[in-house]
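1. kindly return the folded structure for what I paste below:
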Amino acid sequence: ATPRTPLPPPSAWRPAADIPDGSDRVLYPLLSERLIEAIGDHAVCRTFAPGECLFEQGERHAPFFVVESGRVVFFDRNRDDEPGVYFAQVTGGMFIGDTAMFTGEPTVAECRAIERTRVLQLTHDQLRELVAHHAEAGDLILRTLMARRAWLEGHGYGLLQLLGPVSCAHTVRIREFLSRNQVPFAWRDTESDGATAAVLERLGVHADDTPVILAAGEVRRNPRIEDIASCLGLRPELADEPYDLAVVGGGPGGLAAAVYGASEGLRTVLLDATAPGGQAATSSKIENYLGFTTGISGAELARQAVLQARKFGATLSTPTQVRAIECDGTVKTLRLDDGRSLRAHVVVLATGAEYRRLEAEGCDGFEGNGVFYAAGHLEAQQVRGRRVLVVGGGNSAGQAAVFLSQHCAHVSLVIRRKDLAATMSRYLIARIERTPGIEVVASTEVQRLGSAGGRLATATLATVDGDTVHERTVECAAV
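-> From the prediction side, this is the model:
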């Protein structure tokens, strides 16, 4: 643990420059008297004195509060801001929190009363009960919690800090895990950022101890993925009693099964070896998914599906891999990779498919650091302004090429067929044809990858022209 700088007295607290407008009814909706009365029927009334803490940053299963009178403010103690600078506030008639209040994950901020404040307090379970069974309150609360989480991420508040070298495979794995599980974080490269090196020195962390995670006043040196998942609440305790339904696999199919089962009142658990959303979550944009006229990113689709499943009471655990299923009468026992087990009356297998691996010579040495099997914002950050290859002719490859063209100097879309007509939707082909900076390289495969200074630098392409194969080497920062 790292000691936090004490806060000054409330009289010295002041707002940050980018504090949101309190009249913004998307972030700060006013609850009707009828809703407040309905919440009050099940809530505990509490009063907080100026300076008193309602919940700490990083607190799991924090209560849900409705402010009846007074004012509370929020601090991000992970940032280097001057103590006493708050980034948001909530006043009477409003409620407190973001999606962490609903999911039970660690809170992303510290909440304190800046003046004498009276609140209605619900437990984490009472909040989920309210959202599931009170349509008006549930819709308003979930909409607001999601909007606030988006605002926090967009303004850099409440971010877990990951410090580690870009060339370290474990750093890359942690970044991918946090991103896929939609944990807001900021990454700082210890190899190129002098300020980050100074932070490590101040914390007494040696290079051999990296990557390091800083969150909620704690320093975690070279943590295992499983330990990160546990401390973030992604691997909750599992029930001893049999579940009605266990879903193995958290892609769109598995998430849909969990939502439908839980909404019918079945005690439901969903297990995934990596993260909710499956391969769909790695797509920068999905435009042909029913119900989303303007398209939706894979990450946002997964985020909404996860909240929907939790809204109905489903338990989600990631990363959790099922090693074996044993059948004994009507109850099945699922043996998990961490030694735990659970029982269920019905098991739905929604394990999806494995994507093909690129078979080019030298590919394995660059996975996660030059060779990626996703093209989201995390990958785009690493290759901004550079030349990249996208290999494949399906819709996911087309969306990746269009998305990366907004960030990269040049995108080569490498396909084995003579054109895209047989494998890609027409609307995407037309968009690629209209997008400057995208080149379709047909009848071609990637043969070899080359490095410079330990990083991916070139790709050798083999193009078939009748009976002749032409090889050429091109520069690229990522495949």
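
2. so what's the closest residue to residue 213 other than its chain neighbours up against?
-> Leaving aside its sequence neighbours, residue 213 sits nearest to residue 220 (C-beta to C-beta, 6 or more residues apart in numbering; 4.3 Å). C-beta: built from backbone N, CA, C; applies to glycine. Taking C-beta atoms under 8 Å, 6 or more residues apart in numbering, we find residue 220 in contact with 212-214, 227-228, 231.

3. repeat that for residue 478.
-> 370-372, 379, 382-383, 386, 388-389, 456.

4. next: residue 437.
-> By C-beta under 8 Å, 6+ apart, the neighbours of residue 437 are 405, 408-411.

5. likewise residue 5?
-> Per C-beta under 8 Å, 6+ apart, neighbours of residue 5: residue 83.

6. and it, how close does it get to residue 85?
-> Note on residue 5: its distance to residue 85, by C-beta to C-beta, to the nearest Å, is 11 Å.

7. same question for residue 280.
-> Counting by C-beta to C-beta - residue 280 and residue 85 are separated by 39 Å.

8. those two: which is more packed in?
-> Comparing residue 280 with residue 85 by other C-beta atoms under 10 Å, the one with more neighbours is residue 280, at 22 against 17.

9. which SS class is the more buried one?
-> Look at residue 280: counting by DSSP: H, G, I helix; E, B strand; the rest coil, its state is helix.

10. got a list of what the nearest residue to it once chain neighbours are set aside touches?
-> Excluding its sequence neighbours, the residue lying closest to residue 280 (C-beta to C-beta, 6+ apart) is residue 298, at 4.7 Å. Contacts for residue 298 were tallied using C-beta under 8 Å, 6+ apart; they are 277, 280-286, 376.

11. flag the shaky bits of the stretch 201-350 of the chain, pLDDT-wise.
-> 216-217 (pLDDT under 70).

12. where do the helices sit along it?
-> 225-231, 252-263, 298-311 (DSSP state H, counting those that start in this stretch).

13. for the contacts of residue 220, work out which two are farthest apart.
-> Across the contacts of residue 220, the longest distance by C-beta to C-beta is 14.6 Å; it joins 214 and 227.

14. between these two, who's got more neighbours?
-> Ranked by neighbour count (other C-beta under 10 Å), residue 214 and residue 227 place residue 214 first, with 21 against 12.

15. helix, strand or coil for the closest residue to that one other than its chain neighbours?
-> Of all residues beyond its chain neighbours, the one nearest residue 214 is residue 161 (4.0 Å), with distances taken as C-beta to C-beta, 6+ apart. Following three-state DSSP, the label given to residue 161 is strand.

16. do I have it right that residue 161 meets residue 218?
-> No. Assessed by C-beta atoms under 8 Å, residue 161 is found out of contact with residue 218, at 10.8 Å.

17. more crowded one of these two?
-> Each of residue 161 and residue 218 had its neighbours counted (other C-beta under 10 Å), and the higher figure belongs to residue 161 (17 against 11).

18. residue closest to the middle of the protein?
-> residue 182 (0.6 Å; C-alpha atoms, centre = their mean).

19. spit out the contact partners of it.
-> Neighbours of residue 182 in contact, by C-beta under 8 Å, 6+ apart: 275, 299, 302-303, 306.

20. one more pass at 6 Å, please.
-> residue 303 (C-beta atoms under 6 Å, 6 or more residues apart in numbering).

21. which helix or which strand is home to it?
-> Element membership for residue 182 (DSSP states H and E) is empty, with no helix or strand holding it.

22. please renumber so the chain begins at 37
-> Okay, using 37 as the starting number, the last item reads as residue 218.

23. and it, backbone torsions?
-> Main-chain dihedrals, residue 218, degrees, to the nearest 10: phi 60, psi 40.

24. pLDDT wise, what is it at?
-> For residue 218, the pLDDT comes out at 85.

25. quick check: it vs residue 365, distance?
-> In terms of C-beta to C-beta, residue 218 sits 38 Å off from residue 365.

26. so which helix or strand takes in residue 190?
-> helix 171-191.

27. okay, the angle between that helix and helix 334-347?
-> Put simply, helix 171-191 runs at 140 degrees to helix 334-347, going by axes from the mean of the first three to the mean of the last three C-alpha atoms, to 10 degrees.

28. now helix 171-191: how far from the chain's centre is it?
-> 15 Å (C-alpha atoms, centre = their mean, to the nearest Å).

29. do stretch 162-178 as well
-> Worked out by C-alpha atoms, centre = their mean, stretch 162-178 lies 23 Å from the chain centre.

30. start and end of it, how far apart?
-> 14 Å (C-alpha to C-alpha, to the nearest Å).

31. tell me which helix or strand comes right after the biggest strand by length in the chain.
-> Scanning the chain for the strand with the most residues, using DSSP state E, yields strand 491-501. Where DSSP H and E defines the elements, the next helix or strand beyond strand 491-501 is strand 504-511.
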